[in-house]
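Peer 1: based on what follows, work out the 3D shape:
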Amino acid sequence: MTTTPHPAGSASPTGIDAVFAARPPERRGPSAVWATFDRSGQTHDGSSGEIAPGRAPGVDTAYRIASCTKSFTATALLAQRDAGLVSLDAPITDFVPAFAEVVLPTADSPVPTLRMLLTMSAGFPTDDPWGDRQESLTDDELDALLRAGLTFDSVPGTTFAYSNLGFALVGRAIAAVAGRPYREVVESTILEPLGLSATGFEATVPATGGVATGHRRASDGGDALPFSGPGAFSPIGGLFSTVTDLTRWARWLGSAFDPEGRGDLDGILSRASRREMQQVQRFVPARAGHPGGYGFGLFVEHYPDHGPVVSHSGGYPGFSAHMRWQAATGLGAIGFENATYSKVSEPIGLALDGIMADRPDSRVVVRPWSETTAARDAVEAVVRGGAVPDGLFSENVELDVPLDRRRASWAALVESVGGWDDSGDGDPLPADESTAPSHLVWRRRGARGDVRFEIRLTPERPPRVQTVTVTSESPR
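Peer 2: Model (predicted):
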């Protein structure tokens, strides 16, 4: 195993190496390469195995990134949408006339739209690994497949199901809108402007570290596999890339959330559209781990303490890839292995979880507005018996529960905890909590328990308090 720390980076370099070192032998391919990154760049990389006798892989070795390609396909379509060339709600028949011969599952089924295809909700069955073997189909062969008929698991627009066929159709739409092949659109509008010179659709991609050959997993014999050539299904997973290039790609996508506005070449796709890609557009009910769903060419998971984590895996005959980053901080990890479905997503997921756990600044902290903290002090004073300042409460507060009843309830609650204890003795109270800038929870000590306050402010300017909840907890 070889590793390369990057002193300028801020992420710990040791965890990801340990995760890969512990990888069960039967899960590994002949080689693997991985890296961590943050908003400043790549922070650490490592590799294991060989891509040829005596030749180790590195960050500039190209592997097939398989379905990570879908994020490039989505970017190309959104760029056309942003240019006013196409609507995401247009039916696929506008771009692929052969689809008009497909019999839909019910009489009232809509024709799948680009949005449905982009969010894996066109109603098609999940089609791994069939789709992975269709890359070299020609457009005419794809048209023939459509005219022969399709099966549907659900009415289009109602349910998520991972669909390679759907993204092949998105690629056809991109080509129809541009008037030139899908691959040329991606190369000229994404790869070249971003300087992803070692990324492309052919095994001859000019990667200085060579190109890894795919293999079956060790448990399946470990045989070398031939490369499939580009074709109508290239939009689902046809790209080759290096860790260096894919890190740049992931950082560019993630820079849309950088509060300092860092991130170059926004002209390819705006920050707003990149954020749109990384929002849940379609809930995925059966996804293991954290709740989340599918955006546009990317998965999004929601961590309680770290917020959204964006990712995509790639599995192709002979290859496994995974890219993953935390939206709030840009901390991320990428890994490749050259073995069929070796699930490199597992060590990359563990590695990023470890990085976030080790970095206190990766915890998402919601900071309340100054108006919210001012309302905290004013509300507490009212609960303690003070007068209500003008403009503190919105009109619904009195209408929902008259103030005199609230005061009686508050007085009874304070009595139940033995009155206020402002001595400062005892264990520290929990820190204030906010789930949004307009929301705040705080506690004050009583003689026999704590008093919990919670407020929510209105969307007005200036905001007023619309919700006041006062309860007792932690009896002692």
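
Peer 1: what's the domain layout of this protein?
Peer 2: When the chain is parsed with automatic domain parsing, its domains come out as 2-362, 370-473.

Peer 1: most packed of those domains?
Peer 2: Ranked by mean neighbour count under mean count of other CB atoms under 10 Å, the domains of the chain are led by domain 2-362, which reaches a mean of 20. For the C-beta atoms, the positions are set from N, CA and C on the backbone; glycine is no exception.

Peer 1: would you check the distance separating that domain from the middle of the chain?
Peer 2: Averaged C-alpha coordinates place domain 2-362 at 11 Å from its chain's average position (CA atoms, centre = their mean, to the nearest Å).

Peer 1: next up, phi/psi of H322, please.
Peer 2: Phi and psi for H322, reported as degrees, to the nearest 10, are phi -160, psi 140.

Peer 1: same question for the one 5 residues further on.
Peer 2: With angles defined as degrees, to the nearest 10, A327 shows backbone torsions of phi -60, psi -40.

Peer 1: just the helices in this structure please.
Peer 2: In the chain, the helices defined using DSSP state H lie at 14-21, 69-82, 114-118, 139-147, 164-178, 182-186, 192-194, 234-237, 243-254, 271-277, 345-358, 370-383, 395-400, 403-416.

Peer 1: tilt between the fourth one and helix 164-178?
Peer 2: Which is helix 139-147. Using axes from the mean of the first three to the mean of the last three CA atoms, to 10 degrees, the interaxial angle of helix 139-147 with respect to helix 164-178 works out to 130 degrees.

Peer 1: helix 139-147 - contacts with which helices or strands?
Peer 2: Secondary-structure packing of helix 139-147 (3 or more CB pairs under 8 Å, 6 or more residues apart in numbering; DSSP states H and E): helix 164-178.

Peer 1: show me what the helix it packs on is packed up against.
Peer 2: Here helix 164-178 touches helix 69-82, helix 114-118, helix 139-147, helix 182-186, helix 234-237, going by 3+ CB pairs under 8 Å, 6+ apart.

Peer 1: if we can go back for a sec, H306: which of the helices of the chain is closest?
Peer 2: The closest approach between H306 and any of these, judged by CB to CB, belongs to helix 345-358 at 5.1 Å.

Peer 1: got the domains of the chain as JSON lines, with mean pLDDT columns?
Peer 2: Rendered in JSON lines, the data for those read as follows (pLDDT from 0 to 100):
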{"stretch": "domain 2-362", "mean pLDDT": "93"}
{"stretch": "domain 370-473", "mean pLDDT": "96"}
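
Peer 1: now the terminal residues of stretch 176-193, how far apart.
Peer 2: One end of stretch 176-193 sits 22 Å from the other (CA to CA, to the nearest Å).

Peer 1: try stretch 259-274
Peer 2: With CA to CA, one end of stretch 259-274 sits 14 Å from the other.

Peer 1: now do stretch 112-132
Peer 2: According to CA to CA, stretch 112-132 extends 22 Å from its N-terminal end residue to its C-terminal end residue.
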